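Engineer: have a look; sequence and predicted model below, questions after that.
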Amino acid sequence: MTQDELKQAVARAAIDYVVDGEIIGVGTGSTANYFIDELGKIKERIKGAVASSEATAARLRSHGIDVVDLNDVDSISVYVDGADEIDGSGAMIKGGGAALTREKIVASVSRRFVCIADGSKLVARLGAFPLPVEIIPMAANAVSRQLQALGGQPRLRLNKGTNEPQVTDNGGYILDVAGLDIADPVALETSINGIVGVITVGLFARRGADVCLLGTGDGVKTMTYGG
Ligand code: 5RP
C-alpha cells in the first residue's frame, strides 16, 4: 500500500469514533484531509465541526459541513488529527502543516483525541522530525537563542518559492528546531512554552493522543493510551 492509501485507510477507520449528533474537532494536513472527505459522506450524522485551520475550514465547507466557532462550543466529543511523529505513550510532534496552535486549542477542549497516521509516523523516541514552534515574528532571534541554549538548531520556516517567512493563520512565524534531545516530552513542552515570544510548541505530550489509528501493510492498528 502507498502512504496515501494508508492515510485513507486510517481516515476511514476514524469515522467509527464520530459521535452522532455532536460537533467534531478536525485537524489539518493530508491525513486530516482524507478524514474530511470521509466525514463529507456522513455529514448528516453530525451537527458541525470546529476547524483547526483556515484550510480545514474551507475543505469542510466544500463538503457542505457546518463550520462552528470554538467560542460557541463548550466541549467537543472527539478531535481527529494527524501527526508528524507519535511515540508509544501517545505523545506527538505536530505542526508540519503550521496549524499547531489551533490544533492544540481544539484538542484541549476535546474529550478524546484520535490520532490518524500512516505507520512511518510511529517512533521509539520523538525528535527526528524537527520540532515546529510558532512564535511572535519580532521574537524570532530572541526565541532562537533560547532554543539553541536548549541544544536545538532552529530554522525559520520559509515559503517555498518566495523565500519569505511562512505566516500562520494567527500571524505568527514557525521555527523548525532540529537536534533537540526529547527524552522527556512533557518537561520539554513546558520549558519551551515558557520562553517569552513562543505562541505554541508543537509537542503534544501534556495532552497527547487517547487513541492512535496507525496505517500498516497489515491493516489499521489501534493503540490506546492512558486510562
Ligand atoms: C499540521 C499537523 C499535521 O497533523 C501533521 O503535519 C501531519 O500531516 P500529514 O497528515 O500531512 O502527514 O500537525 O500542523
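Structural biologist: That came through, no problem.
Engineer: Provide the strand pairings for the strand ranked longest in the chain, with the direction of each partner.
Structural biologist: Criterion DSSP state E: the longest strand present in the chain is strand 110-118. Strand pairing for strand 110-118, using DSSP bridges, gives strand 76-81 (parallel), strand 211-216 (parallel).
Engineer: for it, buried residues please.
Structural biologist: Buried residues in strand 110-118, counted by 16 or more other C-beta atoms under 10 Å: S110, R112, F113, V114, C115, I116, A117, D118. Where C-beta positions appear, they are placed from N, C-alpha and C, glycine not excepted.
Engineer: and stretch 25-34, by the same measure?
Structural biologist: Under 16+ other C-beta under 10 Å, the buried positions of stretch 25-34 are G25, V26, G27, T28, G29, T31, A32, N33, Y34.
Engineer: and those, which is closest to V67?
Structural biologist: V26 (9.0 Å; C-beta to C-beta).
Engineer: near the ligand, which residues of this protein are found?
Structural biologist: 27-32, 81-84, 94-100, 103 (C-beta under 6 Å from any ligand atom).
Engineer: model confidence over stretch 64-80, on average?
Structural biologist: In this model, stretch 64-80 carries a mean pLDDT of 97.
Engineer: correction: stretch 93-103
Structural biologist: In the prediction, stretch 93-103 has an average pLDDT of 98.
Engineer: try stretch 205-225
Structural biologist: 97.
Engineer: now do the buried residues in stretch 128-148.
Structural biologist: Neighbour count says stretch 128-148 has 129-136, 139-140, 143-144, 146-147 buried, by 16+ other C-beta under 10 Å.
Engineer: export these to TSV and tack on secondary structure?
Structural biologist: Formatted as TSV, the buried residues of stretch 128-148 follow (DSSP: H, G, I helix; E, B strand; the rest coil):
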residue	secondary structure
F129	coil
P130	coil
L131	strand
P132	strand
V133	strand
E134	strand
I135	strand
I136	coil
A139	helix
A140	helix
V143	helix
S144	helix
Q146	helix
L147	helix
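Engineer: name the nearest residue to E85, sequence neighbours excluded.
Structural biologist: I93 (4.3 Å; C-beta to C-beta, 6 or more residues apart in numbering).
Engineer: do A57 as well
Structural biologist: Closest residue to A57 apart from its sequence neighbours, by C-beta to C-beta, 6+ apart: A51 at 3.8 Å.
Engineer: just checking, the one you found touches I24?
Structural biologist: No. Counting by C-beta atoms under 8 Å, A51 stays clear of I24, with 10.1 Å between them.
Engineer: any idea which element Q148 lies in?
Structural biologist: Element membership for Q148, per DSSP states H and E: helix 140-149.
Engineer: what's the mean pLDDT across that helix?
Structural biologist: What helix 140-149 shows for mean pLDDT is 98.
Engineer: which is the succeeding secondary structure element to it?
Structural biologist: Using DSSP H and E, the next helix or strand after helix 140-149 towards the C-terminus is strand 153-156.
Engineer: partner strands of that next one, with direction?
Structural biologist: Strand 153-156 is paired, per DSSP bridges, with strand 173-178 (antiparallel).
Engineer: D69: which of the buried residues of stretch 128-148 is nearest?
Structural biologist: Nearest to D69 among these: E134, at 20.7 Å, using C-beta to C-beta.
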